[in-house]
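J.: give the three-dimensional model of this entry:
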Amino acid sequence: MEQVNVNFQIKGIELLEINLNNPQIPLNLERTYNFNINIEQRINNDEKLVIVVTSVDLIHEEDKQCHASIKTSCIFFVENFQDFMVANSNQVNLPDQFIVTLNSISLSTTRGIMFSSFKGTFMHNVYMPIVNPSAFVTKKQNEV
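T.: Now for the predicted structure:
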């Protein structure tokens, strides 16, 4: 397999949404959450950007309610973007390993934003687990 170099840098980090929903039941200090995590890549050809949107819903195992949710975006500039353009189209074909790298950076960034944003709330000691960034099915969309 030929190694492909992708020259990129992070251009921005945005907190798009955050919600805390007061639980309807008293919470124990020891509690379990299921994390519904979604990652989506959006492409902006004109600006040579890949925008990775990460959404996380924290579902309390006992009452099955969403106690918190967050949506972030990490914006990456790809210097050699033109190397991945499909001939005679507007489509981009980025290497899978590069997408995994962007997923990893975006998950870690979202974890840090969650920690900072939930500090001092009833969600303070709830941490997003470490997950395999290659396990996500991604949707590639070209922004218009």
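
J.: for Asn93, which residues are in contact?
T.: 84-86 (C-beta atoms under 8 Å, 6 or more residues apart in numbering). Every residue, glycine included, has its C-beta placed from N, CA and C.

J.: could you redo the last one with a cut-off of 6 Å?
T.: Asn93 sits next to 84, 86 when contact means C-beta atoms under 6 Å, 6 or more residues apart in numbering.

J.: and it, how far from Cys74?
T.: Asn93 is 20 Å from Cys74, where distance means C-beta to C-beta, to the nearest Å.

J.: likewise for Ala135?
T.: Distance from Ala135 to Cys74, by C-beta to C-beta: 18 Å.

J.: which one of those two has more residues nearby?
T.: Neighbours were counted for Ala135 and for Cys74 using other C-beta atoms under 10 Å; Cys74 has more, 22 against 10.

J.: help me confirm that that one comes into contact with Leu107.
T.: No. The criterion here is C-beta atoms under 6 Å, and Cys74 misses it with Leu107 at 9.5 Å.

J.: which SS state does the nearest residue to Arg111 once chain neighbours are set aside fall under?
T.: Spatially, and ignoring its direct neighbours in sequence, Arg111 is nearest to Met128 (4.7 Å; C-beta to C-beta, 6 or more residues apart in numbering). Under DSSP: H, G, I helix; E, B strand; the rest coil, Met128 falls in the coil class.

J.: for Met128, give me the pLDDT.
T.: At Met128, the model reports a pLDDT of 94.

J.: alright, that wraps it up for me.
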